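Student: Below: sequence and its predicted model.
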Amino acid sequence: QVQLVESGGGLVQAGGSLRLSCAASGLPVRSDAMGWFRQAPGKEREFVAYISWSGGRTYYADSVKGRFTASRDNAKNTVYLQMNSLKSEDTAVYYCAAQKPGGIYDYWGRGTQVTVSS
């Protein structure tokens, strides 16, 4: 059974930092890239960050570029999202997802809430 479990969310003041984790288990044997997404109340889910299997390639939404950093530890089957200089508009539920070859994200976690107070 595939499980992606996010953790590390919480309440933080604007300008603060959080580090999200996503622990994966049960994934098929394949080299998954991973993505981070978020969904704010009343808004659609949006892309935040991408990290390749090796960690050598990362991409970010313009809104988080320079503030967020994705990383991974494949030995621990865990990916991370370091979030610095948080803003109130970063408030959302954050999800991690596994990307199968071809580009589709086919496994998703249940999300972790990040709330940034101004």
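Tutor: Right, received. Where do you want to start?
Student: per-residue confidence at residue 25?
Tutor: Listed pLDDT for residue 25 reads 89.
Student: Can you verify my assumption that it contacts residue 76?
Tutor: No: counting by CB atoms under 8 Å, residue 25 stays clear of residue 76, with 10.8 Å between them. To be clear about C-beta, it is placed using only N, CA and C from the backbone, and glycine gets the same treatment.
Student: Check which residues of the helix or strand bottoming out on mean pLDDT in the chain are buried.
Tutor: One helix or strand of the chain scores below all others by mean pLDDT, DSSP states H and E: strand 105-108, with a mean of 93. By 16 or more other CB atoms under 10 Å, the buried positions in strand 105-108 come out as 105, 107-108.
Student: so which of the residues you listed comes closest to residue 57?
Tutor: The closest of those to residue 57 turns out to be residue 105 (CB to CB; 16.0 Å).
Student: Could you check how far the nearest residue to that closest one once chain neighbours are set aside is from residue 16?
Tutor: What sits nearest to residue 105 in space, not counting adjacent residues and going by CB to CB, 6 or more residues apart in numbering, is residue 97, at 3.9 Å. Distance, residue 97 to residue 16, by CB to CB, to the nearest Å: 25 Å.
Student: more crowded one of those two?
Tutor: residue 97 (22 against 14; other CB atoms under 10 Å).
Student: ok, the more buried one touching residue 107?
Tutor: Yes: between residue 97 and residue 107 a contact is recorded at 6.4 Å, counting by CB under 8 Å.
Student: Please enumerate the shared neighbours of those two.
Tutor: Residues touching both residue 97 and residue 107 (CB atoms under 8 Å, 6 or more residues apart in numbering) are residue 4.
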